[in-house]
Every structure is written in C-alpha cells, then in structure tokens.
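Q: Prediction below, plus the sequence it came from.
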Amino acid sequence: MQPPLLMVPQQNAPEAVAPAPAYHAHAPAPATATVELGDLGRILLRRRFMILATVVLLTAATLVYSFLTPALYYSTAQIIVDPEDLQVVTNDVNPSRISPDGGITQVESQVSVAQSNGVLLRAIKATNLTEDPEFNGQGGLGRWMGMLFGDSGGDRTATTLDSLRRVLAVKRDDKVLVLNIIITARSAQKASDLANAIANAYLADQADARRDKAAKASEAITARLDEQRKRVEQAENAVEAYRSQHNMVMAQGNLVSDQELTGLNAELTATQARTQQLKAQVDQLRRQGGAPDATSEATRSSTISSLRAQEAALVDQIAQLGTGLGPRHPSMIAAQQQLRDLRVLIQRELGRIVTAAETDYERSLANQQALQSKVQALKSKSLDNDQASVRLRELQRDLEAVRTVYANYLQRAQETREQTNVDSTNARIISDAMPALKKSWPPKGLLLFGAIFGGLALGVGMALIAEYLSPTVLSANQMQSAIEAPVLGVLPGKAPRRRWGRSGAATQKTDAVAGLALQRIAAATRRPPDWPLAPSILVASPPEDKAQRSRVAWQLANAAAARGRRVLFIDINAGKGQKDPQPGVLDVLRGEYPLDAVSRYAPGSSVALIGRGRPAAVFQEAQALYFAHRMLAEASHSFELVVVDGGALADDLNVLPLVAMADEILLVARLNTTPMRDVATTSEAVSVMGRLPTGAMLVDEAA
C-alpha cells in the first residue's frame, strides 16, 4: 500500500489528489546467500588484473631469488641407537633399562644430545671449521654485514658454532630408533664431511660421557674403602676383646661349649632311638615264648637259616627212606636221630639270639643314661654363658654387616675401575654421508610452481577480501534480496546507441529485454479502469550509474514507442547546469507552465521530451504534489506511458513529487561494478521519500 500523500492547499486544487494505484509486485524469490557460487567467477573476472599482478610479482620475486641464491647441497649420516646398552658387567654404572614406549623417549633425547655444544665443538675441531669463511662469518653476506655494522668478528668459535647449528638438522625417523644427521652446505663434499664428523663426534661424546661417569663412580667408591676397612677392624677387635673378657672359646664361629652340647644332644637322640628299638625287639621275643624262631631276628640269622635248610633236607630224606624201608631199619633210625640233634641245635641258637637282644638293650639303656647325665651338666654350664652370648652375637652381627658392606665396596670399586676401559654404548653409524649428486636448494621448478599457484591463491584471496570489504552487485538474486523487489531484466552493456523512433540500430536482445520488462510491469500493476492518471515509470540509480540509467530509461521509452504506444519521456537531468535552460518539469511542478507548453516531439518520433527546467524558484511540496498529479492527469489525454529519468535520488529532492506519484520505481545498477552500499543508499532515499522500489534493471557490461 502506498503511504498517504501530503495534503494540497484547497485554493490551488480543483480536485482531490488521488493516491497512486496499489502495486502488486511479484513475490520475491527466497533469500539466498549474499554471494552465490556462480558469482565467484564474476568476482575473479572483474578483479583479474589484481590476481594476475599478484602472480607476476610473486613469480618475478621467485625468479630473482632462485638466480641470486647460492646453490646448497645436503648430506645425511644415519646412526642407530639401541636403548638397551651392552651388558659388560652385572652391576653396570649405566644400567640398561628400556622404557615402556620401547625406548622412543630415550632416542628422542639423543636428538638434543647430537645437537649439543659438546658434540658440535668436537666436529668443528675435527674439521677445522673455524677457518672456513662459510661458517666463521668472514665471507659472503656475513662479511658485508660486519663491515656495515662495525662488527669485528668476535669469537670465531662461537660464530662457527652458531653457523653450524643453523645448517644442522637432527631428526628421528618415525617408529624406528635411527637418528638422521642432516647438513646443508654450499659444497656437496663439505656437507658429507660435516655430517660424518658430527656422527663420529656424537659416538665419541657418548663413550667419553660413560667413561667419565664410571671414573667418577670408581673414585667415589675408592675414597670410601679406607673408612669401611677401619670399621671392619674396629668390629673385629670388639668381638675378640669381649670373648677374652668372658673366657668364651670359639671354634668355627661358635662357642666350644655350644658345639659340644649340640653334639651330645644329637648323640643322645640317636641312643634313645636305638634303645627304643632294642626294647621293642626284646619285648617281641618275650611275647613269642616257645616259638622265638618266628621273630624277624631269627629270620635274619644266617645260622638259623642254615640249620633250617639242613632240617628240611633230613625231613625229605626220611620221607624217601620211609617209602622203601621199615621204621626199624638202621638207616631210618640214624636219619631220625640226626633230625632230633639238628632241632636241638636250632633251639640253642634261638636262645642265644634272645640273650644277645637282651644284652644289647641293657647296654644301650646304660649308654643313654650316661649321655643324659652329660647333657644335663653341659646345659647347666651353658646357662651361665647365655647372658654373655647375647652381647657377643650382637657384636658378631655388627661385624658381619660391616664386612658385607666392605666387600661390596671393594667389588664395586674393581668393577667400575674396569668399566672406564670398556665402551658399553650400543650405538653405531649404519650409513655414512655421501656427497650429493644434485643441489637441494633452490628447487627452481618447485619454487616457480609454488609461486604461480601461491600467487593465484593469494590473488584470489585478495580479490575475495576486496569484494568482502566493498561488495558489488553480482547477480539478479543478490539485487532482488537487497531491495526486496524483482529484477525485471538484464540489459547488455555494449549495445550500440539508437535514435528516437528508429529501432534498426538496436540489437534484438536489447529490445527483447526492454519489451519483456514492460510486459512484466503491465502484468504486475493493477490500475482501476477509470484511473485518471497516465501510467508512469520512474528510473533511478546511484550517481556513478548515470549513463546506464539514462540508457535503460531510453530503452524502455523506445520499446513502448516501438509497440505503438505514445510515450512522454521526462529527463530530470536534461538542461541541468545550463545558465538559461528551457522550461521543463520543475516549472510544471511549480504551476508556472502547463504540460503542453513544455513538451516537444522529436522529428518523426512518437516520444515527447521534457527537460529539467528552471530551478531558480522554490516550490512547496504540497503544491508540487498537486501539480504532479495534474501533470499526469493531463498526460493521460495525450500519452499512454510516462517514463521519468529520475537521476540520483539521494542528491536531488526535487524529484520527490514524481517519486510520490509514479506507478513504478525502478533501480538501475551495473553487474560486478555498482557497489552494494550505493544500491542501499538509493533504496533508502526512495524509502525516505515515502515509497519502496518496485523493481530493478541490471546492466551487464561484460555481455
């Protein structure tokens, strides 16, 4: 809905001023991103010179650098470091323990060791690097810098060390225990020599460090040996003095009385066991009574066994004789007599076994009683020495402790003394550095490739940043989102100019775009059938797009005229700045001239022209609105369309009556050129004048 117009004084208004008809614009497309993907190409194309200049500058700088920079070569020496050192002795001063990460942390620490001052100074001394102008600061850029700033050179060793550290890189390969010592120098041979020198210096430094560590440990332990030896002597003297004082004779480290008591106790225990065994035998023999031959002692007796064998033979012989001879036969009687005599002998032998067992038992029992008496006597004597033995054992424990410490110190001193002559470092050079066959820097091809693509990336980034800082109209969608009104068409920017009423010089595309824009405007405008005002279109733009705005207004007027419509073209800028301009639209808005008096037709044209007019007199807005309404009412009798070139609205408030009465307000902008802030300024000026843009026309100068 249009805002209400200002009231017109009734004395000057023959009829009420009616508002402009409602405009039903096409629903705008959904809001999109400020910059679409397709707009990037337009941005880069418009700022192509910035991108190309960036690429050229970087490429030129790269070429100059590659030609002026001296060639550099690098060589690599490889050292494998095993975290588990060689185990030369059991108690090594440098214990070999592998960390839970497999020794990676230990090897990582060796990267810093390989770059330490001690290792590098060894390599400098081995290669006499302090005399090399490349490293001692006396050659090339270093010499000129010294002359420029008055530096006399200072300590060559420190300068050489600093220079060597700058060209040195020590790295560990991933997941391996290998150190890569990389040296970059201007000579391939020098680079390889320095890498090998640093590798050898690292191994020598590790060996010397371990040797010094073992030597210091040996000196510290040796210094403690005399003190430990004196402590042992004092403990031994204390033990011997205590024994003499308490008359305690020792043998094999123990008291003689204790040893004797221990022996008697053992002998007594054995005798008691023997006595019990013999007693059991005697008891068994006594229980057998008349058949002692059934005991185990009788069974084990060789005599009984022999007699039993003879008895068995006689029994067998008697049995054989009984089968052929009678019981009274002399041979039978003799055999039976022998059997009786043999059994008598067996009984006598069994009796002797019983008597011997009883005798052994009585002797063992007597021995047991004697030993018990001696043990009791020694126990009484030992109780007297128990109190003295407590202190003696304490002194002996002290003696054993100091002896153990002294022995450990003595053994450790010998081991550490030997370790000073043994290198236990488990590191070695697995690959000597070789002179490089080609230079490593500068890689001209790679640098040029990086300069070109880096310049492109930098140029594109700068172009996008410039576009972000000062965005321009990139597409119809962006323009539509900015003014919330449809874009009616895009005119090519390089179309040739045309004369009024003559369409032969205009391109078909330009006419088609302008005609289509008019059709869209006609379809979108809803005018009452009896509306007294002529249809009107006001074209506005930022000041920088003056030529494009005028061209769009001319194209719309010509397109309408070409389709047989009578057109009134009002150019608010025509005659502006002239000293004595012809009467124009400003004179009509002040009511000084009627429309017919200021309009004129071009020869052979159906388009009438009206210029700006004389701006000397100032008119009131209410009166201007009334006369603008009357002008459009008069125009409706002679014209079918009024096209107004409204100029830059933000700079000319005299256009306000025309803006208020116009049916359509079109904004003109150039693709990829018109800043979005100028579009916003123009749209805001329209809004301040009480209206909103109803459409836009874009000009593509690249088409």
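A: Arrived safely, thanks for sending.

Q: And the spatially most central residue of the chain, its phi and psi?
A: What sits nearest the mean C-alpha location of the chain, by CA atoms, centre = their mean, is residue 174, with 14.6 Å. Here is the backbone geometry of residue 174 (degrees, to the nearest 10): phi -70, psi 130.

Q: ok but residue 667 is inside a strand, no?
A: Yes - counting by DSSP: H, G, I helix; E, B strand; the rest coil, residue 667 is located in a strand.

Q: What's the per-residue pLDDT of it here?
A: Here, the pLDDT recorded for residue 667 equals 95.

Q: now do residue 494
A: At residue 494, pLDDT is 64.

Q: same check, this time on residue 116
A: Residue 116 carries a pLDDT value of 91.

Q: ok, now residue 499?
A: pLDDT, read off for residue 499, is 45.

Q: How about the contacts made by residue 329?
A: Contacts for residue 329 (CB atoms under 8 Å, 6 or more residues apart in numbering) come out as residue 321. Yep, even glycine has a C-beta here, placed from its N, CA and C like the rest.

Q: outside of stretch 527-534, which residues touch it?
A: 18, 20-21, 535, 568, 629, 632-633, 635-636, 639-642, 661, 663.

Q: What residues does residue 674 make contact with?
A: By CB under 8 Å, 6+ apart, the residues touching residue 674 are 472-473, 541-542, 544-545.

Q: for it, phi and psi?
A: phi -70, psi 120.

Q: Same question for residue 584.
A: According to degrees, to the nearest 10, residue 584 has phi -150, psi -150.

Q: any idea which helix or strand of this structure has the worst average confidence?
A: helix 141-149 (a mean of 52; mean pLDDT, DSSP states H and E).

Q: and the next element down the chain from it?
A: Once the chain leaves helix 141-149, the next helix or strand it forms, by DSSP states H and E, is helix 156-166.

Q: CA atoms of that next one as CSV?
A: The C-alpha trace of helix 156-166 is given here as CSV (Å, rounded to 0.1, in the frame of the first residue of the first chain):
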residue,chain,number,x,y,z
ARG,A,156,85.3,-17.3,15.7
THR,A,157,84.4,-20.5,17.5
ALA,A,158,81.1,-19.0,18.8
THR,A,159,80.3,-17.7,15.3
THR,A,160,81.2,-21.0,13.7
LEU,A,161,79.1,-22.9,16.2
ASP,A,162,76.1,-20.7,15.6
SER,A,163,76.5,-21.0,11.8
LEU,A,164,76.8,-24.8,12.0
ARG,A,165,73.7,-25.0,14.2
ARG,A,166,71.7,-23.2,11.6
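
Q: start at 17 instead
A: Sure thing, new numbering starts at 17, so read that last one as helix 172-182.

Q: Now the closest residue to residue 614 other than its chain neighbours: phi and psi?
A: Leaving aside its sequence neighbours, residue 614 sits nearest to residue 599 (CB to CB, 6 or more residues apart in numbering; 4.8 Å). As for residue 599, its main-chain torsions (degrees, to the nearest 10) stand at phi -60, psi 140.

Q: got a list of what residue 599 touches?
A: So residue 599 contacts 608-609, 613-614, 629-630 (CB under 8 Å, 6+ apart).

Q: How much space separates it from residue 627?
A: 8 Å (CB to CB, to the nearest Å).

Q: joint contacts of the two?
A: What both residue 599 and residue 627 touch, as defined by CB under 8 Å, 6+ apart, is the set residue 614.

Q: Please save the CA atoms from the strand or helix carrying residue 324 in CSV.
A: Taking DSSP H and E as the criterion, residue 324 maps to helix 318-340. Extracted C-alpha coordinates of helix 318-340, given in CSV (Å, rounded to 0.1, in the frame of the first residue of the first chain):
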residue,chain,number,x,y,z
SER,A,318,72.3,-116.9,58.8
THR,A,319,72.9,-119.8,61.3
ILE,A,320,69.2,-120.4,61.8
SER,A,321,68.7,-120.3,58.0
SER,A,322,71.5,-122.9,57.5
LEU,A,323,70.1,-125.2,60.2
ARG,A,324,66.6,-124.9,58.8
ALA,A,325,67.9,-125.9,55.4
GLN,A,326,69.6,-129.0,56.9
GLU,A,327,66.4,-129.8,58.7
ALA,A,328,64.4,-129.6,55.5
ALA,A,329,66.9,-131.9,53.8
LEU,A,330,66.7,-134.6,56.6
VAL,A,331,62.9,-134.4,56.6
ASP,A,332,62.9,-135.1,52.9
GLN,A,333,65.4,-137.9,53.2
ILE,A,334,63.4,-139.6,56.0
ALA,A,335,60.3,-139.4,53.8
GLN,A,336,62.2,-141.1,50.9
LEU,A,337,63.5,-143.8,53.2
GLY,A,338,60.1,-144.4,54.6
THR,A,339,58.8,-145.5,51.2
GLY,A,340,61.2,-148.4,50.9
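
Q: Cool, thanks, talk later.
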